[in-house]
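Student: All I have is the shape, not the residue letters:
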């Protein structure tokens, strides 16, 4: 009664791989459908690069990697913080004088969150993404 258990939710980021740049209305519709679930923090429209294709093919060997598609990744804040500290250590003088530009932090966060070797789900169907997120939002960790 006096000791409440802390409930920790997992948060996810989603990569949208489109064949061509999405129109603003299309993007807003996709984002609205995915954000309604509640445990989605970042949704980014991305191009399928050769590097991301290789990573996804290793992670999902029997799947054809193509656009349009979606990749769902869990946000690992411990790893993001670790990579941020590495970047700050690399630019220790800039850190000392407070001159590390915000873009440096954003690049580290983006590259860490969208490490496709850690992808949980890759699919071409939006409904699969929504169902996956719904099942994951029901599962919470109790500490």
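Tutor: Thanks, I have it. Quick caveat: nothing in here was measured; it's all calculated off a predicted structure.

Student: strand partners of the strand or helix carrying residue 72, parallel vs antiparallel please.
Tutor: In this assignment (DSSP states H and E), residue 72 forms part of strand 69-74. Applying DSSP bridges, strand 69-74 is found paired with strand 12-17 (antiparallel), strand 119-123 (antiparallel).

Student: Now do the buried residues in it.
Tutor: By 16 or more other Cβ atoms under 10 Å, the buried positions in strand 69-74 come out as 69, 70, 71, 72, 73, 74. Where C-beta positions appear, they are placed from N, C-alpha and C, glycine not excepted.

Student: got a list of what the last one touches?
Tutor: Residue 74 makes contacts with 10, 11, 12, 118, 120, as judged by Cβ atoms under 8 Å, 6 or more residues apart in numbering.

Student: What strand or helix carries residue 45?
Tutor: Secondary structure assignment for residue 45, by DSSP H and E: strand 40-46.

Student: Can you point out the buried residues in that strand?
Tutor: Those would be 40, 43, 46, for strand 40-46 by 16+ other Cβ under 10 Å.

Student: and it, which strands flank it?
Tutor: Assessed with DSSP bridges, strand 40-46 is paired to strand 12-17 (parallel).

Student: hmm, who's touching the strand it pairs with?
Tutor: Contacts of strand 12-17 (Cβ under 8 Å, 6+ apart): 22, 27, 30, 34, 39-48, 67-75, 113-114, 116, 120, 129, 133, 136.

Student: What are the boundaries of the helices in the protein?
Tutor: Here the chain has its helices, by DSSP state H, at 24-35, 50-59, 77-90, 92-96, 102-113, 126-138.

Student: Please render the buried residues of strand 40-46 as a markdown table that adds pLDDT and distance to residue 57 to the earlier fields.
Tutor: Listed next are the buried residues of strand 40-46 as a markdown table, based on pLDDT from 0 to 100; distance: Cβ to Cβ, whole Å:
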| residue | pLDDT | distance to residue 57 |
| --- | --- | --- |
| 40 | 89 | 25 |
| 43 | 92 | 23 |
| 46 | 93 | 16 |
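
Student: Adding distance to residue 52, write those out as TSV.
Tutor: Output for the buried residues of strand 40-46, formatted as TSV (distance: Cβ to Cβ, whole Å):
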residue	distance to residue 52
40	19
43	16
46	7
